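# fold the stuff below for me.
(chains A, B and C)
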Amino acid sequence: MQSPSPPQVELSQVEREALALAVTESRCATCLRSGTPLLTGLALAAAVQVLVPRLAGDYAARICLDAGIAVILAVSLNIVNGLAGQFSLGHAGFLAVGGYTAGMISYYGSLWLWGSGGVHGGWFGAGQALFLVACLAGGGVGAAVGYLMGLPTLRLRGDYLAIVTLGFGEIIRVLFQQTQPVLRTAEQFRAAGWEQFVPPPVGGSLGFSGIPKYTNNFWVYAFVTITLIVAHRLKFSSAGRNLISIREDEVAALAMGVHVTRWKVRAFVIAAFFAGIAGGLFAHESGIILSPRDAGFQRSIELVIMVVLGGKGSISGVVLAAALLASLPELLRDFDQYRMIAYAVLLIGMMLVRPQGLFGSREVWDLWRRRPQPVVAGKGAA
Amino acid sequence: MADLLQTIETSLAVGALYALIALGYTMVYGILQFINFAHSDIVVLGAWFSYRMSQQLLPRLGVDPHSPPWWAGGVVLVLAMGLCAAVGFCIERACYKPLRHSPRLNVLITAIGVSLLLQNVGQLPVVFGTQPARMPSLLPDRELFSVTFASPPAAGAEPAPAAEPRRVVIRLVDSVIFVTAGVLMVLLELLVYHTRLGTAMRAVSFRTETAALMGINVDRIISWTFLIGAALAAAAGFLFAMKYPGLNQPAHTTWVLLGLKAFVAAVIGGIGNVRGAVLGGFVIAFVEQFGAFYISSNYRDLYVFALLILMLLVRPTGLLGTNVQQKV
Amino acid sequence: MNGPPAPRPLLHISGLSLSFGGLAAVQNFSLQLPPRGLYGLIGPNGAGKTTVFNLLTGIYAPDRGTIELEGVSLAARPPHRIAAAGIARTFQNIRLFGELSVVENVQLACALRSRQHLVATLLRTPAALARERAIQQRSLELLALFDLQGRAHEAAQGLPYGHQRKLEIVRALATEPKVLLLDEPAAGMNPQEKRELAATIRHIRDAFHVAILLIDHDMGLVMDVCEQITVLDHGETIASGPPEQIQNDPQVIEAYLGTGD
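You can find the predicted model right below:
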């Protein structure tokens, strides 16, 4: 071909076609289409917040809250486990990291700003803003830990990864157990020297109590919406294809130019980010005392069960499974002893009978309709 | 000096335990290429079976569990090994065998399910319950012998302020653990390298299909592998209960961590390699015990995992593992 | 084909060696593939042909030797960067992404030449959408060129065997390679299909301006389409030259009929 031009500048055929297409698009329309799901989701979240307690009572609202947090956790884990096929058993570790980070920011932030660790301000007040910042920071720290942790370990083969991530969760748990007691008053907080912050004062194995309880259904479902949008856009894009190709055949993916390690790390970081946010929401949920146990194996396993049950890569399947499994223990409190046994049997049974999960990698609505067939035909068909 | 020797003594005993458990992981991995997650629960089972037997069976044999004769421990050990081997066999037949041709991840998930099942069935009140128990000491807690060191003669420096004499104690329990584990490992070594069964095992682990074509009954070999692995795990559970009589409830994280560390030992030694598992067991015991003694015992679990990550980055095949190129 | 002035080689391989343990899988393999060259690599089972491909695509790292594409060394690069540099391959034992649809398999490869950004994807910016659609359009066009458009939305693992082989070639072409490595594309085909395949391979070379290196067991096919043939046996190059010369080479005949083994 035209050898004199440097190959870097030369546009590929795909890029040229994309440019041509982009010119013909109305930008406004696409921006609107891109923002609609978020707006709809926020409206629904507000509706859940307002309507559920009125129509079904506070207990139902509480179950909604738990289910929403479980959905965020399971859908984000599904990005790693389901789409990219990298079996992580340490997802709860990110939950704890995010939860402790967010809790520290909102609790000590409140002490510092307002002199008390309680809830501050009403709807959309300063307290809520601090809470939002805390949750996002929890997500950010979760993502950062995910990056540090993923970079060395994601080169490992599948089952090694499972063990290393499991070990990671346990390490996080041990580290949180070694933390110092919570500083109770603003005076203590102001008087404290740096050595009282170095293993951070988040309560050690007793748990981090006193975090202001800001979490409500609106915030939970707002983040559920964002998680779902991100998961959906990932799955149905070239990014998602990269992840799925890694799951299906790593060698072939490499040969097709997929930067396998980078994509694995990306999946991991995105998942850790949302787990961190879920941790923030969890930490601020009333009736919850965040403790090192939340980083442990048991919780990670529960999340894995949700993903396995829902189907690898099926977003809607995992949402259903997460919502179901998160609300069941509340409803079946009397059978708590047998719950984990039932989970275990469920897990083994699924693998023996229907290893692809309830929905496989398809979405629930695929059961009713087939994928739309694009009508584009080749222009240069030979 | 005394501290050093004492730490070495503990490391040897603990390392023997890790090695016994790691053997089960490595044997199953060598043949089926999957991590038998439920293996650590077999250890738990071994420990709790031992507890139950010394509580309930020994009195019926006319033995007082609080001052037992020398053979009581042996009986309990053998029985626990037999029971756990049976459990291991059943698990393999019921849960893993149907998945022989499934993706490895599915088998791994099944193994997690089995682990969860064992933990939670163990927690039922009719089985072991959720309370910790105290293992009766089947061995007298005796010092086999001890060496007393005078105040350390620091070379040229001024004498240390607290110059109390230090003693190195070799405990009976530790030496029994070390000797029992050693005998079992030698037996396994003989089995793997000097019997027909062992040859068949190595053949299956090397290439399953070819081994099957050579007339080896692969299913039987796999069953044997699980049997032996479970028996060794039970022995480890028994010995663990001897050393640390305060038994935690079956789903407690100490057990999970014990299993994890043993798995790390298998990986560090080179997974699939029987001698590597033994070596790895001692390596991590030394790292853990020395870290706990000389740095801080709060973070003892951290040292082992740091070592694992380091190992996987530097030499992912482990100390004695061979590099197997992925077939494309 | 390109005449006497011997164009500068597109792919320049020299002294490539790799051994597994003590076994020399490939020894001192050299090859100069000119632009639009159509070369063949043959040899008995276990001769090291696929290993050469694995070395060229970075799946194995060579013990010794150099690989240069347009003068740029590829030897120490990871596989995905080699693909980006312009070497694409098919696999002897088909390795499609089974649960992705046919068109998605091609789209994945197509995306290598698209400058899609993850954040843009998540925000669904107009540019990102346009890129996604360009990728899809281009993939469907490619499928149409190989008569696979009718099955574009089926799962790849459900395709019949022959179509799967074809899809592997389409997928490799979608990365817009400069060099295409075909690993036993004719395996399992009947004579009629093989004749068609020969025509297809020539067509690919001319329509996509790629140089092709072909592995196959079928001497007829290789002799038919290739300009130059290299014969491997036990990892060693035992002959190299145009088909007529190879056909009459005593060493090649010996390797294939096996007097020594």
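# spit out the contact partners of C:Pro9.
Applying Cβ atoms under 8 Å, 6 or more residues apart in numbering or on different chains, we find C:Pro9 in contact with C:32-34. Backbone N, C-alpha and C define where each C-beta goes, glycine included.
# which one of those residues is nearest to chain A?
Ranked by distance to chain A (Cβ to the nearest Cβ), those are led by C:Pro34 at 13.2 Å.
# show the pLDDT at that closest one.
The model reports C:Pro34 with a pLDDT of 92.
# direction included, what does the lowest-mean-pLDDT helix or strand in chain B pair against?
The helix or strand of chain B with the poorest confidence is strand B:143-149; it has a mean of 73 (mean pLDDT, DSSP states H and E). Using DSSP bridges, the strands paired with strand B:143-149 in its sheet are strand B:166-171 (antiparallel).
# up against chain A, what does the stretch 101-250 of chain B have?
B:102-110, B:112-114, B:116-117, B:119-121, B:123-124 (Cβ under 8 Å from any Cβ of the partner chain).
# shaky segments in chain C?
Across chain C, the ranges flagged by pLDDT under 70 are C:1-7, C:257-261.
# need the strands for chain C, in chain order.
Per DSSP state E, chain C carries strands over the ranges C:11-20, C:23-33, C:38-42, C:64-69, C:72-73, C:87-89, C:179-183, C:211-215, C:228-233, C:236-241.
# among those strands, which is the most enclosed?
Mean neighbours per residue, mean count of other Cβ atoms under 10 Å in any protein chain shown, is largest over the strands of chain C for strand C:87-89, with a mean of 28.
# what helices or strands is it leaning on?
Contacts defined by 3 or more Cβ pairs under 8 Å, 6 or more residues apart in numbering or on different chains; DSSP states H and E place strand C:87-89 against helix C:49-56, helix C:161-174, strand C:179-183.
# pull the distance from the last one to the chain's centre.
Taking Cα atoms, centre = their mean, to the nearest Å, one finds the center of strand C:179-183 at 1 Å from the center of the full chain.
# and if you look at the second one?
The chain centroid and the centroid of helix C:161-174 are separated by 11 Å under Cα atoms, centre = their mean.
# near chain B at all, that helix?
No: judged by Cβ under 8 Å from any Cβ, helix C:161-174 makes no contact with chain B; its nearest approach is 13.8 Å.
# wait, which of the helices and strands packed on strand C:87-89 is closest to A:Gly313?
Proximity to A:Gly313 (Cβ to Cβ) singles out helix C:161-174 among the helices and strands packed on strand C:87-89, at 20.4 Å.
# got the contact list for that closest one?
Contacts for helix C:161-174 (Cβ under 8 Å, 6+ apart): A:256, C:88-91, C:94-96, C:102, C:105-110, C:112, C:138-139, C:142-143, C:145-146, C:148, C:151, C:156, C:159, C:180-182, C:185, C:187-189, C:193, C:200, C:204, C:208, C:210.
# and what of stretch B:167-176?
B:2, B:5-6, B:9-10, B:12-13, B:73, B:139-149, B:239, B:242-243.
# separate out the buried members of these.
Buried residues within the contacts of stretch B:167-176, counting neighbours by 16 or more other Cβ atoms under 10 Å in any protein chain shown: B:2, B:5-6, B:9-10, B:12-13, B:73, B:139, B:239, B:242-243.
# find the nearest non-adjacent residue to C:Cys226, please.
C:Gly40 (3.4 Å; Cβ to Cβ, 6 or more residues apart in numbering or on different chains).
# if that neighbour is in a bridge, with which residues?
Counting by DSSP bridges, C:Gly40 is bridged to C:Leu214, C:Ile229.
# contacts only, for it.
C:213-216, C:222, C:225-226, C:228-230, C:243.
# same deal with A:Leu175?
Taking Cβ under 8 Å, 6+ apart as the test, what A:Leu175 contacts is B:299, B:302.
# ok, it to A:Gly204 distance?
11 Å (Cβ to Cβ, to the nearest Å).
# try C:Lys194
Distance, C:Lys194 to A:Gly204, by Cβ to Cβ: 72 Å.
# same check on A:Gln180?
7 Å.
# likewise for B:Gly318?
Relative to A:Gly204, and taking Cβ to Cβ, B:Gly318 is found at 36 Å.
# of the two, which one has the most company?
B:Gly318 (23 against 17; other Cβ atoms under 10 Å in any protein chain shown).
# using the three-state scheme, assign the more buried one.
Under DSSP: H, G, I helix; E, B strand; the rest coil, the three-state class of B:Gly318 is coil.
# so what's the residue count around the residue lying closest to it once chain neighbours are set aside?
Spatial nearest neighbour of B:Gly318, chain neighbours left out: B:Gly270 (3.1 Å); criterion: Cβ to Cβ, 6+ apart. Per other Cβ under 10 Å, the neighbour tally for B:Gly270 reads 24.
# wait, B:Gly270 touches B:Gly276, no?
Yes: if you go by Cβ atoms under 8 Å, B:Gly270 and B:Gly276 touch, sitting 3.7 Å apart.
# which neighbours do these two have in common?
In contact with both B:Gly270 and B:Gly276: B:318-321, using Cβ under 8 Å, 6+ apart.
# just the buried subset of those residues, please.
B:318-321.
# still on that earlier bit, so which of the shared contacts of B:Gly270 and B:Gly276 sits lowest on pLDDT?
Among the shared contacts of B:Gly270 and B:Gly276, B:Gly321 has the weakest pLDDT, 73.
# so what does C:Asn45 look like in phi/psi?
The phi and psi values for C:Asn45, taken as degrees, to the nearest 10, are phi -50, psi 140.
# tell me the contacts of it?
No contacts exist for C:Asn45 under Cβ under 8 Å, 6+ apart.
# do A:Gly360 as well
So A:Gly360 contacts A:311-312, A:314, A:317 (Cβ under 8 Å, 6+ apart).
# tally of neighbours for residue 33?
Defaulting to chain A. 12.
# not quite, go with chain B.
15.
# what's the answer for A:Leu39, then?
Look at A:Leu39: counted by other Cβ under 10 Å, it has 11 neighbours.
# wait, A:Ala18 touches C:Pro126, no?
No: in this structure, A:Ala18 is not within contact of C:Pro126 by Cβ under 8 Å, at 10.5 Å.
# so which of the two has more stuff around it?
A:Ala18 (26 against 20).
# how close does that one get to A:Val265?
For A:Ala18 relative to A:Val265 (Cβ to Cβ), the value is 26 Å.
# what residue ranges in chain A score low on pLDDT?
For chain A (pLDDT under 70), the answer is A:1-11, A:22-27, A:158, A:333, A:367-382.
# same thing but at 50, please
A:1-9, A:371-382 (pLDDT under 50).
# so which bits of the longest helix seen in chain A are buried?
Looking across chain A with DSSP state H, the single longest helix is helix A:27-56. Neighbour counts over helix A:27-56 (16+ other Cβ under 10 Å) mark A:30, A:34, A:37, A:41, A:45, A:48-49, A:52-53 as buried.
# tell me who's in contact with the closest residue in space to C:Ile87 that isn't next to it in sequence.
Spatial nearest neighbour of C:Ile87, chain neighbours left out: C:Val179 (4.8 Å); criterion: Cβ to Cβ, 6+ apart. The contact partners of C:Val179, by Cβ under 8 Å, 6+ apart, come to C:10-11, C:33, C:69, C:86-88, C:210-213.
# would a markdown table of the residues you listed with distance to C:Glu236 be doable?
Formatted as a markdown table, these follow (distance: Cβ to Cβ, whole Å):
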| residue | distance to C:Glu236 |
| --- | --- |
| C:Leu10 | 24 |
| C:Leu11 | 20 |
| C:Leu33 | 19 |
| C:Leu69 | 24 |
| C:Gly86 | 28 |
| C:Ile87 | 23 |
| C:Ala88 | 27 |
| C:Val210 | 28 |
| C:Ala211 | 24 |
| C:Ile212 | 23 |
| C:Leu213 | 18 |
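# closest to chain A among these?
Sorting the contacts of C:Val179 by distance to chain A puts C:Ala88 at the head of the list, at 7.3 Å, by Cβ to the nearest Cβ.
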